[in-house]
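A.B. asks: I'd like to go over a predicted model; first the sequence, then the structure.
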Amino acid sequence: MTDLYRSMLRIRMVEQAIAARYGEGKMRCPIHLSIGQEAVAVGVAAALRPDDRVLSSHRCHAHYLACGGDLKAMVAELHGLPTGCNGGRGGSMHLQGGQLVASLPIVGSAIPLAVGMALADKLDGSDRVTVVFFGDAAVEEGAFHEAMNLAAVKRLRVLFVCEDNDRSIWTPLEKRQPQGFLMESGLSRGIYTDACSGFNVQLIGNMTFGALARVRGSAGPAMLVCDTYRWAEHCGPNERSDPEDWPLTDPFRDFNPPSKMVAEITAEIDEAFAACQ
Amino acid sequence: MPVTYAQAVRRALVDAALADPAVIFMAEGAHDPVPVFGTLPTPADGIVAERIIEMPTSENAIVGAAIGAALAGKRPVVTFHRVEFALLAAEQIINNAAKMEFISNGRHKVPMLLRLVVGRGWGQGPVHAQSLESLFAAIPGLTVAMPATAHDAYAMTRQALRGDGPVVLIEHRWCHGLTGEIDYDDRSDAFAGPVRISEGDALTIVATGYMTVEARRAADALQKLGRGPDVFDMRTLRPFKAHPIIESVDRTHALLTIDTGHVSYGIGAEIIARCAEHDGPLLLVRRLGLADHPVSSSRHLIAGQYPDARAIFRAAADMLDLHDADETEHVPASPIDQPDPTFTGPF
């Protein structure tokens, strides 16, 4: 359990460090911070098998770190350096590393790829699972529906994880979709669909374990929907100007990080940034 | 023994699939009685049925899934019955297939073959008959080619399925019935670029796909007037290795390009630009292709819109100041809406 909180804390502290230093003008790429959404990344990652694969979108920092991506390579990538995880070619929106195969920022773009990886696994007789993280807005994309349909009809081992933070930049969910549609997109296709609060890392981990067992066993896709909250603006280092419910929904609300843990992570982060100066 | 272009494509896909178990086929209609104009393999070819995958009518997901499967070690062949269907997958093709290797700094490869068929004739009309190679040729990271012969159809398909990058092969439906010999042992680079298919000094003609057939007919007529041209089959659009064409125009000083698609922003535009950048003699240039509007279904409305052997002859003759040479006298007519009078539809 402490490991899960440590992982979340590390993500939180990395994101806060990026936000604090962004104004120095050395990280010159769009950033989409995951502050407030750490529990989903960590909870899902904790349930994965080492050979499972992950795909993400522009808001990939938490997934990258939770799935074993190297911190120094991530910070270097944001600085556009050749030591970056993509050699500086992708920046913040395209992070790859650890179990994170790729992050694709065009909304919905990664979802069909996940289905294709699972298709390859089926042909190879493997029960590894491909996880694809996306936001609530991706559910409005045609690519999402095509991919879900394909995964369902071919019975492929894909875990579709929707991080519902209610906002597509500024626009709230109620203006974009009929109520209850997120879960319906899975349920109406006969896909095993589950949901839980995106602030409780244990609940998320347990839910994911259950979903993965079903996916591996029954060889069909599953969908998880996690209610979460984005602390920062859509793109950029600043706190959003329309805060709601924060800090009630903070995954760290009940956790007091030990000072040794904070110090260790601070040192790790400082070292990563120092290597980029 | 000569085979048709369609047979050559099918043979190449079968040979590639038998040689490499990673090759898989993804198409709408993959399980049809005659899948994709007879060009797709079936299990009767000795390929495990699971590798020939029927897909829902979801072009974006088909290509996205092919890309994902390619990242996971497969060699997917995606086939669309018409170029236009690929438009629904444009984001996947342009942003993912073409760019994953670059963005990943070489970590990922997308060895995917995307086959697109250009329709024409039999009233297929505005959205079933477009030749959109310019759109794909404009994208760095793709290999884009238009095989015009049975041999190239075979060789390019085989090479695409040995390489590690995304390849777009644009097959003109009117080429599917052309016959030719295949050199099965030819391992030269199928994507090496333009090849001279007719020799002469009067001018340089560059054509793609089915237009190579019409260009050859025009060249024969010009040859008889003692003004035979160099005719090139462009073959590979990207990468474009222009040196054979440049060597020719350095001699002829006259360049006529023929697009199967629109003239504006067509392949001819790139050919001429590349020649113009070259520090050589001033050139007389002219482009043939479709005008700036869609192509109607009715054969009565499309007269004169598609370049044919007579139009090519006319353009070349005018460039050579043979203004009195009558194309109706020197060049046989080509039908407007079928590749061969024996073709009777439906598509």
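C.D. replies: Good, I have the coordinates.
A.B. asks: give me every residue that touches the residue nearest to the spatial centre of chain B.
C.D. replies: Closest residue to the average C-alpha location of chain B: B:M146 at 2.2 Å, with C-alpha atoms, centre = their mean. By C-beta atoms under 8 Å, 6 or more residues apart in numbering or on different chains, the contact set of B:M146 is B:133, B:169-172, B:208-209, B:234-237, B:260. (C-beta placed from N, C-alpha, C; glycine too.)
A.B. asks: ok, the residues you listed vs chain A, which is closest?
C.D. replies: Closest approach between these and chain A, by C-beta to the nearest C-beta: B:L169, at 20.0 Å.
A.B. asks: Next one, pLDDT for the residue lying closest to the closest one once chain neighbours are set aside please.
C.D. replies: Nearest in space to B:L169, with sequence neighbours left out and distances taken as C-beta to C-beta, 6 or more residues apart in numbering or on different chains, is B:R115 at 5.2 Å. As predicted, B:R115 sits at a pLDDT of 98.
A.B. asks: any idea how far chain A is from B:R115?
C.D. replies: B:R115 sits 17 Å away from chain A, going by C-beta to the nearest C-beta, to the nearest Å.
A.B. asks: Now do the phi/psi pair for that residue.
C.D. replies: Per-residue torsions, B:R115: phi -100, psi 130 (degrees, to the nearest 10).
A.B. asks: Then B:E171?
C.D. replies: When read as degrees, to the nearest 10, the backbone of B:E171 gives phi -100, psi 120.
A.B. asks: Please name the nearest non-neighbouring residue to it.
C.D. replies: Using C-beta to C-beta, 6+ apart and skipping residues adjacent in sequence, the residue nearest B:E171 is B:V117, 5.1 Å away.
A.B. asks: list the contacts for that neighbour?
C.D. replies: B:V117 sits next to B:36-37, B:79-83, B:170-173 when contact means C-beta under 8 Å, 6+ apart.
A.B. asks: near chain A, which residues of the stretch 51-200 of chain B show up?
C.D. replies: Residues of the stretch 51-200 of chain B found near chain A (C-beta under 8 Å from any C-beta of the partner chain) are B:51, B:53, B:55-56, B:58, B:60-74, B:76, B:91-92, B:95-96, B:100, B:102-105, B:107-108.
A.B. asks: cutoff 6 Å now
C.D. replies: B:56, B:58, B:60-61, B:64-65, B:67-69, B:72, B:74, B:95, B:103-105 (C-beta under 6 Å from any C-beta of the partner chain).
A.B. asks: one step back: check the secondary structure at the residue nearest to B:E171 for me.
C.D. replies: Secondary structure of B:V117, reduced to three states by DSSP: H, G, I helix; E, B strand; the rest coil: strand.
A.B. asks: Within the sheet, what are the partner strands of the host helix or strand of B:G261, with directions?
C.D. replies: Assigned by DSSP states H and E, B:G261 belongs to strand B:254-262. Strand pairing for strand B:254-262, using DSSP bridges, gives strand B:204-207 (parallel), strand B:284-290 (parallel).
A.B. asks: part of a helix, is A:P82?
C.D. replies: No. A:P82: not assigned to a helix; according to three-state DSSP it is coil.
A.B. asks: Leaving out chain neighbours, which residue sits closest to it?
C.D. replies: A:G88 (5.8 Å).
A.B. asks: shouldn't B:R51 be in contact with B:I24?
C.D. replies: Yes. The pair B:R51 and B:I24 passes the contact test of C-beta atoms under 6 Å, sitting 4.7 Å apart.
A.B. asks: Of these two, give the one with the bigger neighbour count.
C.D. replies: B:I24 (23 against 20; other C-beta atoms under 10 Å in any protein chain shown).
A.B. asks: So for the helix or strand encompassing A:R12, what gets flagged as buried?
C.D. replies: Under the criterion of DSSP H and E, A:R12 resides in helix A:2-21. Neighbour counts over helix A:2-21 (16 or more other C-beta atoms under 10 Å in any protein chain shown) mark A:4-19, A:21 as buried.
A.B. asks: circling back: could you flag which of the residues of the stretch 51-200 of chain B next to chain A are buried?
C.D. replies: B:58, B:60-61, B:64-65, B:67-69, B:72, B:74, B:95, B:103-105.
A.B. asks: So, low pLDDT: which residues of the chain?
C.D. replies: As the question left the chain open, I've gone with chain A. In the predicted model, chain A carries pLDDT under 70 at residues A:245-248.
A.B. asks: hmm, I had chain B in mind actually
C.D. replies: Residue ranges of chain B with pLDDT under 70: B:340-347.
A.B. asks: Please, where are all the helices along it?
C.D. replies: Ranges of helices in chain B, per DSSP state H, are B:5-19, B:59-71, B:90-91, B:100-103, B:133-137, B:150-160, B:211-224, B:243-252, B:267-277, B:309-319, B:327-330.
A.B. asks: possible to save those as JSON lines with distance to B:A202?
C.D. replies: Below are these laid out as JSON lines (distance: least, C-beta to C-beta, whole Å):
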{"stretch": "helix B:5-19", "distance to B:A202": "29"}
{"stretch": "helix B:59-71", "distance to B:A202": "44"}
{"stretch": "helix B:90-91", "distance to B:A202": "41"}
{"stretch": "helix B:100-103", "distance to B:A202": "43"}
{"stretch": "helix B:133-137", "distance to B:A202": "27"}
{"stretch": "helix B:150-160", "distance to B:A202": "26"}
{"stretch": "helix B:211-224", "distance to B:A202": "7"}
{"stretch": "helix B:243-252", "distance to B:A202": "7"}
{"stretch": "helix B:267-277", "distance to B:A202": "17"}
{"stretch": "helix B:309-319", "distance to B:A202": "8"}
{"stretch": "helix B:327-330", "distance to B:A202": "14"}
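A.B. asks: Most tightly packed of the ones you listed?
C.D. replies: Looking across the helices of chain B with neighbours counted as mean count of other C-beta atoms under 10 Å in any protein chain shown, the highest average goes to helix B:59-71: a mean of 30.
A.B. asks: Packing partners of that helix?
C.D. replies: Under the contact criterion of 3 or more C-beta pairs under 6 Å, 6 or more residues apart in numbering or on different chains; DSSP states H and E, helix B:59-71 touches helix A:110-123, helix A:142-154, strand B:75-80.
A.B. asks: shouldn't A:L33 be in contact with A:E233?
C.D. replies: No. Using C-beta under 6 Å as the test, A:L33 is too far from A:E233 to be in contact (8.4 Å).
A.B. asks: Among these two, which residue is more densely surrounded?
C.D. replies: Comparing A:L33 with A:E233 by neighbour count (other C-beta under 10 Å), the higher total belongs to A:L33, at 28 against 18.
A.B. asks: Which residues are in contact with the more buried one?
C.D. replies: Applying C-beta atoms under 6 Å, 6 or more residues apart in numbering or on different chains to A:L33 gives the contacts A:15, A:232.
A.B. asks: Please, which helix or strand holds it?
C.D. replies: Here A:L33 is assigned to no helix or strand, by DSSP H and E.
A.B. asks: how far away is it from chain B?
C.D. replies: Distance from A:L33 to chain B, counting by C-beta to the nearest C-beta: 21 Å.
A.B. asks: Return the backbone torsion pair for that residue.
C.D. replies: phi -80, psi 150.
A.B. asks: and what of A:N165?
C.D. replies: Phi and psi for A:N165, reported as degrees, to the nearest 10, are phi -100, psi 20.
A.B. asks: Most tightly packed of the strands paired with strand B:254-262?
C.D. replies: Highest mean neighbour count among the strands paired with strand B:254-262 (mean count of other C-beta under 10 Å): strand B:204-207, with a mean of 30.
A.B. asks: hmm, who's touching that one?
C.D. replies: With contacts defined as C-beta under 6 Å, 6+ apart, strand B:204-207 is touched by B:215, B:229-232, B:234, B:245, B:248-249, B:252, B:255-258, B:271.
A.B. asks: could you redo the last one with a cut-off of 7 Å?
C.D. replies: Under the criterion C-beta atoms under 7 Å, 6 or more residues apart in numbering or on different chains, residues B:194, B:215, B:219, B:229-234, B:245, B:248-249, B:252, B:254-258, B:271, B:316 lie in contact with strand B:204-207.
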